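Enquirer: return a 3D structure for these sequence lines:
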Amino acid sequence: MKKSVLFTALMAGSVVGSMAAVSVVKLDNYVSDNAGVYTSPIFYLAPGTQAPGDVYVEVWGGKDASSLANLWAQPIKATFEDTTGDGQADMYLFDVGKVAELAGVVAGGDATFKLRAWTGATTFDTAATRGESATWVQKTASWDKDALPQPTPPTDVQVMNPAVTMTEIVPEPTTIALALIGGAALFLRRRQ
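Expert: Numbering: from 1, shown residues only. Below is the predicted model of the structure:
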């Protein structure tokens, strides 16, 4: 009898444990108010400025600034909005249409986020034009993904990122000087 009671208690505990809610955030900053005004773009472009081409985004999140991890396995391609009708992108937004889990964050609790954006390369580290936001804290949603029937992922907790300033990464003058000295040395050695 004791064995069956213990087995039943263990089974009930495992079912409850597997149906625990997790902390999630929707990988989406495509937020507009009722008037169609977008409220949280990655960045704006000055009027008449040519769009830089493909812009990629990574959303990093975690319990605190020291535990941030990339929340999506691949770079998110941002889309632009032409809000003035001049054929130019005024702002860049992103929408994966999915939620990401935040390890170590209490379901529905606060989490820390950071956004990285870049253009001209396939990764942030190799991009000549890139930028990072400051970290910010926001609420997450609580979602029990193991419940039956399967619940719809929350859509009300979106990444409300601050703006990112992307700047062109220019090599330091010492790097250029060393390259020139090395080239001159090779040239002189070849002449002798």
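Enquirer: helices and strands around the helix or strand where Leu27 lies, which ones?
Expert: Element membership for Leu27, per DSSP states H and E: strand 22-28. Packing partners of strand 22-28 (3 or more Cβ pairs under 8 Å, 6 or more residues apart in numbering; DSSP states H and E): strand 55-62, strand 95-101, strand 110-119, strand 141-143. Every residue, glycine included, has its C-beta placed from N, CA and C.
Enquirer: looking at this structure, which helix or strand does the model trust least?
Expert: helix 2-18 (a mean of 41; mean pLDDT, DSSP states H and E).
Enquirer: follow-up on the earlier one: format the helices and strands packed on strand 22-28 as TSV; extra columns: mean neighbour count.
Expert: Formatted as TSV, the helices and strands packed on strand 22-28 follow (neighbours: other Cβ atoms under 10 Å):
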stretch	mean neighbour count
strand 55-62	22
strand 95-101	16
strand 110-119	22
strand 141-143	19
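Enquirer: export the ones you listed to CSV and tack on distance to Leu178?
Expert: Output for the helices and strands packed on strand 22-28, formatted as CSV (distance: least, Cβ to Cβ, whole Å):
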stretch, distance to Leu178
strand 55-62, 31
strand 95-101, 42
strand 110-119, 26
strand 141-143, 51
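Enquirer: nearest to Val159, of those strands?
Expert: strand 55-62 (5.6 Å; Cβ to Cβ).
Enquirer: quick one: strands adjacent to that closest one?
Expert: strand 69-70 (antiparallel), strand 76-77 (antiparallel), strand 110-119 (antiparallel) (DSSP bridges).
Enquirer: list the contacts of it.
Expert: 25, 27, 42, 68-72, 75-78, 80, 92, 94, 100, 102-105, 111-119, 122, 124, 159, 161 (Cβ atoms under 8 Å, 6 or more residues apart in numbering).
Enquirer: alright, calling it a day.
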